[in-house]
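1. below is the structure, and that's it, no one-letter string:
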């Protein structure tokens, strides 16, 4: 297996590289096919996926079996004010990879988001549910999905949500920092979704890309909660004394509209390679124990 990982400096890209190097994830050992894998991990400094000429040349010069695209502009509020940048990274970039992969008959696995849904339901979204994003971030990510489907025949699209990992900025690290410096914070309690450990997501990506089970997948932590519930659990597991008060979205306005309900059902995963995603509380507890050196 000769694989290209784009966006390799992000929390998911780094986790993928770690799993491949160790031949194992936190969930289970990887398939034997990864024991001799060659990995080319790049970020924007090595490959600007928004430039189709550079993408074509890079892929033509290497003998890749698969491309995993983790590159994205994920600053949800920033996307509202930098719409061109959001479209270039989240839509044109995946389009370029899809075109180049199709030309060389290479598998493409593209990572997307729960924000492609309107967030007005009460039942977890399945892969066949209608997308109607409410933010520029969600709209550009949906356009990226559509380009991948249009230009590449051997594709996997994986939608995930509320992702956190050992590297970089994420909600868990933000809550830890606030919990160590504040006596009290407020967190919205009317937005529900699925916290997802990057290690769990990486495991399923690496198992899925070995198969021919092409299509759209949801891959999130099992179980759902609000951001307030998530924050309270983080404070508890870090033994922080910071009080978390619930508030409404109206009390904490942001430039980008967030979905009130974006819980996903891992139906396609369950019916193909199997859903080994941990319950969100179990995955979070393991994550924090590991960060604290208790594992």
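-> The structure has been received and is ready for your questions. Quantities reported herein were computed from a predicted structural model and do not represent experimental measurements. Residues are numbered from 1 along each chain as shown.

2. so after the helix or strand that residue 173 is a member of, what's the next helix or strand?
-> Take DSSP states H and E as the rule and residue 173 turns out to sit in helix 171-181. Sequence-wise, the next helix or strand downstream of helix 171-181 (DSSP H and E) is strand 184-188.

3. contacts for that following strand next, please.
-> 175, 178-179, 226-228, 230-231, 242-249, 251-252, 258 (CB atoms under 8 Å, 6 or more residues apart in numbering). Bear in mind the C-beta positions are built from the backbone N, C-alpha and C, glycine included.

4. in strands, which of those residues appear?
-> The members of the contacts of strand 184-188 that map onto strands under DSSP state E are 226, 243, 244, 245, 246, 247.

5. and the two most separated of these?
-> Spatially, the most separated pair among these is 226 and 243, at 16.4 Å (CB to CB).

6. those two - which one has more neighbours?
-> residue 226 (18 against 13; other CB atoms under 10 Å).

7. setting aside sequence neighbours, what's the nearest residue to that one?
-> residue 189 (4.9 Å; CB to CB, 6 or more residues apart in numbering).

8. quick one: contacts for that neighbour?
-> 226, 227, 228, 229, 246, 247, 248.

9. sorry, back to before: now the ones in strands among the contacts of strand 184-188 in a markdown table, with distance to residue 272?
-> Formatted as a markdown table, the ones in strands among the contacts of strand 184-188 follow (distance: CB to CB, whole Å):
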| residue | distance to residue 272 |
| --- | --- |
| 226 | 30 |
| 243 | 44 |
| 244 | 38 |
| 245 | 42 |
| 246 | 38 |
| 247 | 40 |
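
10. tell me the predicted confidence for the residue nearest the centre of the chain.
-> The centre of the chain sits closest to residue 160, judged by CA atoms, centre = their mean, with a distance of 4.8 Å. Listed pLDDT for residue 160 reads 98.

11. which pair of the contacts of residue 189 spans the longest distance?
-> 229 and 248 (14.7 Å).

12. so which of these two has more stuff around it?
-> residue 229 (18 against 11).

13. got a list of what the more buried one touches?
-> Each residue near residue 229 by CB under 8 Å, 6+ apart is listed here: residue 189.

14. and it, what pLDDT?
-> pLDDT at residue 229 comes out at 98.

15. any chance you could map the helices in the stretch 51-200 of the chain?
-> 52-60, 76-81, 83-87, 93-103, 136-151, 171-181, 198-208 (DSSP state H, counting those that start in this stretch).

16. can you name every helix or strand that the second one contacts?
-> Spelled out, it's helix 76-81. helix 83-87, helix 136-151 (3 or more CB pairs under 8 Å, 6 or more residues apart in numbering; DSSP states H and E).

17. now the fourth one
-> Here helix 93-103 is seen to pack against helix 52-60, strand 66-69, strand 107-113, helix 136-151 when contacts are counted using 3+ CB pairs under 8 Å, 6+ apart.

18. ok, the last one next?
-> On a contact count with 3+ CB pairs under 8 Å, 6+ apart, helix 198-208 meets helix 11-22, strand 107-113, strand 155-160, strand 163-164, helix 280-291.

19. can I get the ones you listed in TSV with distance to residue 132?
-> TSV is the format used below for the helices and strands packed on helix 198-208 (distance: least, CB to CB, whole Å):
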stretch	distance to residue 132
helix 11-22	25
strand 107-113	14
strand 155-160	14
strand 163-164	22
helix 280-291	25
